[in-house]
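Participant: Structure, please.
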Amino acid sequence: MVPSIIINFHNIVKLEISKMSDHRDNNNNSWKNVAVCEKTTSSAAAPTPSSPADKDSSAAASPLSNLTAISTSPYLHKVTTRRREFLHETQTKNNLLESNALKISSPKSKAFVFVWDLYSAFKLFGVLLISLETFVGCALTIGATLLAYYMSPKDLVNDGQWDGTLPTILLSFATVTPLIQSITMAFNRRDAALRALASYRSAMYHVYMAQASWDWGECSKNRGRRGCVENAEDLRTVHDGGRSCEGDTTSQKPIDWLNHADNLLCQLIHLSDSLSQYLALPTASRTHHRATKLGEREAKTLVFTGRKIFALNAAGRIFMISQLTEALKYRGLPGNEASRIRQWEQYLSVSMENMRLIKEYRTPQSLRLFGRVFTLLLPPLYATSFAQIALNTGSPAFGCIVGAVTSLALTSLFEAVRQLEDPFARGFTFDGIDVTEELQVLAYEELMVARSIIFPDAEEFVLKEDTNRVKKERRSRHFCENSARIIVSTS
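Facilitator: Reported below is the predicted structural model:
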C-alpha cells in the first residue's frame, strides 16, 4: 500500500513540473511574437522571386498582402523611430527656447523691479479701470464738496459747534459689501468656466488620439486597422445611391485612416472655432438690455445669433464626431473601447453646456444695480465730510482730492465687477478668458502636434474651408519673433 502511494505522489510531482515548464515556454514564445509578426510583415512586403503564375495565385489567396494603409501599431519600428526623432527634435528646440527665456528673465535689481511694477500698475489701472462713470463720480463729488465748503457756517465752525463728518458705516454697507460679494461670485464663475474649458480641451484631444491611433489588432490573430478594407456594398451605396457604380468596387481597397483622422480633425477644429465665436459675442444681460426697448432688440439679436451658433455645435458637429466613432465600430473597434470614446464625447457636450450657462446667466442683477447707483451717489452725499477735512486743514483742494479718490476707488471697484461678469472675452482683458487664444490657437496647435506624431509621413494639414481661400491665420498673441528665429535656425 505504501509503495503505491509513493509511486502516485511521484507521478503527480512529475506532471506538475511538466506543466510549469510548458507555461514557461509559452511565456518565452509570447515575447517572440513581435519579431514573428515583423518577419511576417517584411516577408509579405518583399516577396521572393517566383513565376508569374505563383504571383497571381498568391495575390488571389491573400488580397490583404499589398495593403498600404497607415498603421498605428507601436511595433512598426520604422514609424516609431520617426516619431521618436520628431519628439527629440522638438525637445531640442524647446530646450533652446527655455535657455533663451531664462536668459531674458534673469534676476534684476529690486529697485528696478519695484519701479517697473509700479509703473505697470498705474498704466493698467488707467487703461482698464478708469471709465466714464469714474469721471462723472469724481465731478459730482468735487462739486458737492466745494458747495459744502463755501456754504458751511464759518462762525459755527470756528466756535466748534458745527461738524460735517458723517459715519462711514453707510458707505461700507451700501457699496463696498455688495461689490465684494459680486466680485467673489464673479470670480467663482470664472473658475468654473476655466474648469469647463480645460475639460473640453482634454476631451477633444483624447477623442482625436483614440480615433486616429487606437488599434484593435492582435498578433497572429487579428490585423486590426491594417486588415480593414472597403466593403463593396458600401462603395455601391456611396456612388449615386447604388444606381451607378463609378470605379472598381470589386477589388478590396484599404481604409484610408489618415483621411478618417483628418475628417475628425476638421470637425474638431470647426467645433472649437464656432464655440470661440459664440463665447466671444458681446454680453446680452446688462442693465440697458432689460430696461429699454433698444436694449431689448440688441439682446434678442445677440441671443438669437449665439444660440444658432451653439445649436450647430451641440447638435451638428457632435453628431458628425459620433458618426466617425460608429465607423470605427463598423470596422471592428471593440465595444468597451468605443464606450470610452463615447464618454469623452459626453465630456465635450457637458463642458460646452456648462460654458453656455455661464455665458448666458450672470450674477444677481439686483446687486449690480445696487452697486452702480450707490458708487455714483454716495460719495457726493459725503461731501460734508470732505468739506470738514478742507475746513480743518484750511485747504479746499485737499478736501476735493480726498473726495475724488474715494469716488475713484468705488467706481474702479465696480468696473472690476463689470469686467468679471462675462469671463469670456475676445482678445486681451484684465482677468477674462481669451477664448480666441485657447480654442482657435492653442487647441489647434495641440491637434497638429498629435497629427504629426501619429502620421509622421503625412502631408501638411489644410482645413477644407481653406482650400479655396486664404488660409486662416492662427497666430498667438504671445508670438515671439526672436523665439521663432531660434526655431528656424535649428531646423
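Participant: Let's verify residue 106: helix, strand, or coil?
Facilitator: Using DSSP: H, G, I helix; E, B strand; the rest coil, the structure places residue 106 in coil.
Participant: and it, how many residues sit next to it?
Facilitator: Residue 106 has 6 neighbours, counted by other CB atoms under 10 Å. Any C-beta I mention is one placed from the backbone N, CA and C, and that applies to glycine too.
Participant: ok, now how distant is it from residue 96?
Facilitator: Here residue 106 is placed at a distance of 16 Å from residue 96 (CB to CB, to the nearest Å).
Participant: now do residue 146
Facilitator: Residue 146 is 62 Å from residue 96, by CB to CB.
Participant: next one: residue 415
Facilitator: Remark: distance between residue 415 and residue 96 (CB to CB) = 42 Å.
Participant: Counting neighbours, go ahead and name the busier of these two.
Facilitator: Shown here are residue 415 and residue 96; by other CB under 10 Å, residue 415 has more neighbours (19 against 14).
Participant: any idea which element the more buried one lies in?
Facilitator: Per DSSP states H and E: residue 415 is located in helix 396-421.
Participant: cool, and residue 336?
Facilitator: Element membership for residue 336 (DSSP H and E) is helix 335-360.
Participant: Determine the set of other helices and strands touching that helix.
Facilitator: Helix 335-360 sits against helix 177-213, helix 257-279, helix 293-311, helix 318-331, strand 424-425, with contacts defined as 3 or more CB pairs under 8 Å, 6 or more residues apart in numbering; DSSP states H and E.
Participant: Buried residues of the longest one, list them for me.
Facilitator: Going by neighbour count (16 or more other CB atoms under 10 Å), the buried part of helix 177-213 is 178-179, 182-183, 185-186, 189-190, 193, 196-197, 199-201, 203-213.
Participant: Please apply the same query to the third one.
Facilitator: Applying a neighbour-count criterion of 16+ other CB under 10 Å, one finds 298-299, 302, 306, 309-310 buried in helix 293-311.
Participant: got it, and stretch 86-104?
Facilitator: For stretch 86-104, burial by neighbour count (16+ other CB under 10 Å) applies to 93, 97.
Participant: how far out from the middle of the chain is it?
Facilitator: Distance of stretch 86-104 from the chain centroid (CA atoms, centre = their mean, to the nearest Å) equals 24 Å.
Participant: Low-confidence ranges, the stretch 51-200 of the chain, go.
Facilitator: In the predicted model, the stretch 51-200 of the chain carries pLDDT under 70 at residues 51-77, 157, 160.
Participant: what ranges do the strands span in it?
Facilitator: Here the stretch 51-200 of the chain has no strands by DSSP state E, counting those that start in this stretch.
Participant: ok so, going back, residues of the helix holding residue 415 that come out buried?
Facilitator: Buried residues in helix 396-421, defined by neighbour count with 16+ other CB under 10 Å: 396, 399-404, 406-421.
Participant: burial count for the residue lying closest to residue 116 once chain neighbours are set aside?
Facilitator: What sits nearest to residue 116 in space, not counting adjacent residues and going by CB to CB, 6 or more residues apart in numbering, is residue 108, at 8.0 Å. The number of residues packed near residue 108 is 9, by other CB under 10 Å.
Participant: Also the one 4 residues further on?
Facilitator: Counted with other CB under 10 Å, residues neighbouring residue 112 total 9.
Participant: Distance of it relative to residue 120?
Facilitator: 12 Å.
Participant: nearest residue to the residue most central in space within the chain other than its sequence neighbours?
Facilitator: Geometric centre of the chain, nearest residue: residue 201, 4.0 Å, by CA atoms, centre = their mean. In space, not counting the residues next to it along the chain, residue 201 is nearest to residue 443; the distance is 5.6 Å by CB to CB, 6+ apart.
Participant: wait, that neighbour sits on residue 203?
Facilitator: No: using CB atoms under 8 Å, residue 443 is not in contact with residue 203, being 11.2 Å away.
Participant: Leaving out sequence neighbours, find the closest residue to residue 349.
Facilitator: Per CB to CB, 6+ apart, closest to residue 349 is residue 318, 5.8 Å.
Participant: for residue 270, same thing?
Facilitator: Of all residues not flanking residue 270 in the chain, residue 317 sits nearest, at 6.2 Å (CB to CB, 6+ apart).
Participant: ok, now residue 309?
Facilitator: Spatial nearest neighbour of residue 309, chain neighbours left out: residue 278 (4.5 Å); criterion: CB to CB, 6+ apart.
Participant: So what's the residue count around that neighbour?
Facilitator: 23.
Participant: need the contact list for it.
Facilitator: 306, 309-310, 313, 356, 359 (CB atoms under 8 Å, 6 or more residues apart in numbering).
Participant: Residue 351 is in contact with residue 314, correct?
Facilitator: No: in this structure residue 314 lies outside contact range of residue 351 using CB under 8 Å: 11.1 Å.
Participant: of the two, who's got more company?
Facilitator: More neighbours surround residue 351 than the other of residue 314 and residue 351, with 22 against 18 (other CB under 10 Å).
Participant: For residue 409, see how far away that one is.
Facilitator: Distance, residue 351 to residue 409, by CB to CB: 38 Å.
Participant: do residue 352 as well
Facilitator: From residue 352 to residue 409 the distance is 39 Å (CB to CB).
Participant: Find the nearest non-adjacent residue to residue 431, please.
Facilitator: Nearest residue to residue 431, sequence neighbours excluded (CB to CB, 6+ apart): residue 420, at 5.9 Å.
Participant: so what pLDDT did residue 266 get?
Facilitator: Turning to residue 266, the model gives it a pLDDT of 92.
Participant: residues in contact with residue 348?
Facilitator: When contacts are counted by CB under 8 Å, 6+ apart, residue 348 touches 200, 203-204, 207, 271, 318, 321.
Participant: got TSV for the buried residues of helix 293-311, with pLDDT and distance to residue 381 too?
Facilitator: Below are these laid out as TSV (pLDDT from 0 to 100; distance: CB to CB, whole Å):
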residue	pLDDT	distance to residue 381
298	88	33
299	85	33
302	88	36
306	87	40
309	87	46
310	87	45
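Participant: Please name the residues that touch residue 329.
Facilitator: Shown in contact with residue 329 (CB under 8 Å, 6+ apart): 335, 338.
Participant: What's the separation between it and residue 264?
Facilitator: Note on residue 329: its distance to residue 264, by CB to CB, is 14 Å.
Participant: Next: residue 151.
Facilitator: 75 Å.
Participant: So the two - more neighbours on which side?
Facilitator: Neighbour count, other CB under 10 Å: between residue 151 and residue 264, residue 264 has more, with 22 against 9.
Participant: Any figure for the gap between that one and residue 225?
Facilitator: According to CB to CB, residue 264 and residue 225 sit 14 Å apart.
Participant: Residue 286 touches residue 298, doesn't it?
Facilitator: No: Residue 286 is beyond contact range of residue 298, at 9.4 Å (criterion: CB under 8 Å).
Participant: Which residues are in contact with each of these two?
Facilitator: Contact criterion CB under 8 Å, 6+ apart; residues shared by residue 286 and residue 298: none found.
Participant: what packs against the helix holding residue 415?
Facilitator: helix 132-151, helix 177-213, helix 365-381, helix 383-393.
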